[in-house]
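A.B. asks: Provide a 3D model corresponding to the input given below.
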Amino acid sequence: MDLRYVIPHPGPLTVSGDLATNWKNWKRHYENYEVATKLNKEEHSIRIAALRAALGVAGCDVYDGITLSEDDAKSYPVVLKKMEERCVGKINIIYERYCFFSRSQASNESFNTYYEQLRRLIKTCDFKTLEDELLRDKIVCGISDVVLRRKLLQETGLTLDSCISSCRLFESTALQMEKMTLTSDDVAIHAIQNKYKQRKWPPAERGSKMNRGYDGSTPQSEELPKICKFCRKVHVFGRRYCPANGKTCSRCNGKDHFAVACQATVMMISADRIESDEEEDDEVLSFEHMAPTAFRNQPSTGGVHEKTEDSAGRPGRNHARRG
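C.D. replies: Prediction:
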């Protein structure tokens with residue numbers, strides 16, 4: 001079976017926009033396609049024809065713009081090199097290195113993604129033998145986690161491989177610790193919420209009595225448990241889910257509620273307070289009956305105060321005498 005009809009084709013080259021970036025991406029996919037289909041083992045003339053066919057109409061226009069001698073037109077590596085010079089142009093080493101050194105890890109970016117981006121940028125920097133050392137230095141200086149950076153700086157003899165291993169281990173450990181810090185209460189709460197969210201409620205007729213809650217509303221399958229005012233327990237909102245439904249209260253002998261949620265308790269407390277207030281009023285009113293009879297029956301003098309003397313000749317209280 002010919003694998004060329006099974007493995008997907010990379011598609012035509014996009015010449016609009018950033019041609020240099022489009023060519024780099026297209027070339028990477030096409031090289032993988034050549035290896036997978038064993039097209040790289042064919043003769044140069046067949047590979048050149050396959051390349052022109054894969055470029056598409058717009059890509060062939062770019063191909064026709066390159067200058068090739070008669071011998072160069074028969075060599076696939078030369079054709080590919082000329083095509084890259086036409087699309088990418090002359091590489092600006094200073095700009096390519098600027099893009100590499102200014103690339104830092106984003107806040108929500110994983111280390112593997114950040115590392116692959118650095119590997120892609122460093123290919124066009126022409127660092128030669130310093131490539132591994134500068135890549136290691138950029139990883140240490142560009143990672144977003146300060147704790148990890150301090151740990152890497154404390155290691156003596158840090159190599160590129162040990163730096164990559166430490167970063168991956170630190171990231172995986174942080175994810176594991178985040179899962180392990182959940183308390184038992186949090187786990188229980190999440191389990192209850194997931195249970196009620198995933199539960200399939202039985203269908204019921206719209207507006208039916210069995211499908212309505214205390215306030216006449218229809219319970220939703222996404223609704224979470226609430227504290228019921230009839231049983232003081234946590235359950236899904238609805239009369240049929242309440243354990244007090246149909247039960248008799250031991251305090252007031254009422255229906256559909258427990259004694260712990262009985263409203264008669266509040267009424268009894270209010271009645272006791274009213275009775276206590278009435279007893280205090282009775283005590284105040286009874287003070288007049290406890291006062292001396294002579295004081296209660298003291299005649300009025302019309303609003304004019306005058307001094308009186310008792311039987312022993314001692315001065316008494318001032319009394320008002322009316323005019």
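A.B. asks: for the chain, where's the lowest mean pLDDT among helices and strands?
C.D. replies: Across the helices and strands of the chain, the lowest-confidence element by mean pLDDT, DSSP states H and E is helix 293-296, at a mean of 46.
A.B. asks: in this structure residue 9 contacts residue 33, no?
C.D. replies: Yes - between residue 9 and residue 33 there is a contact under C-beta atoms under 8 Å: 6.8 Å. All C-beta atoms are positioned from the backbone trio N, CA, C, and that covers glycine.
A.B. asks: what touches both of those two?
C.D. replies: Counting by C-beta atoms under 8 Å, 6 or more residues apart in numbering, the common neighbours of residue 9 and residue 33 are residue 54.
A.B. asks: which parts of the stretch 101-250 of the chain are helices?
C.D. replies: 111-122, 131-142, 146-154, 160-180, 184-198 (DSSP state H, counting those that start in this stretch).
A.B. asks: mean pLDDT lowest where, among these?
C.D. replies: Here the lowest mean pLDDT among these goes to helix 184-198, at a mean of 61.
A.B. asks: between residue 9 and residue 33, which is the more surrounded one?
C.D. replies: Using other C-beta atoms under 10 Å as the criterion, residue 9 and residue 33 rank with residue 33 on top: 19 against 13.
A.B. asks: surely the more buried one meets residue 11?
C.D. replies: No - Residue 33 is not in contact with residue 11 according to C-beta under 8 Å; the separation is 10.1 Å.
A.B. asks: surely residue 45 touches residue 73?
C.D. replies: No - using C-beta under 8 Å, residue 45 makes no contact with residue 73, being 9.6 Å away.
A.B. asks: may I see the buried residues of stretch 238-248?
C.D. replies: Neighbour-count burial for stretch 238-248, counted by 16 or more other C-beta atoms under 10 Å, picks out 238, 239, 242, 244, 247.
A.B. asks: meant to ask about stretch 10-27
C.D. replies: Residues of stretch 10-27 classed as buried by neighbour count (16+ other C-beta under 10 Å): 10, 13, 14, 15, 19, 22, 23, 24, 26, 27.
A.B. asks: mind giving me the domain ranges of the chain?
C.D. replies: 3-88, 93-179 (automatic domain parsing).
A.B. asks: and the gap between residue 253 and residue 264?
C.D. replies: Applying C-beta to C-beta, to the nearest Å, the value for residue 253 to residue 264 is 9 Å.
A.B. asks: so between these two, which is more surrounded?
C.D. replies: A count of neighbours by other C-beta under 10 Å puts residue 264 above the other of residue 253 and residue 264, at 14 against 9.
A.B. asks: hmm, residue 257 and the more buried one touching each other?
C.D. replies: No - with contact defined as C-beta under 8 Å, residue 264 does not reach residue 257; the gap is 9.8 Å.
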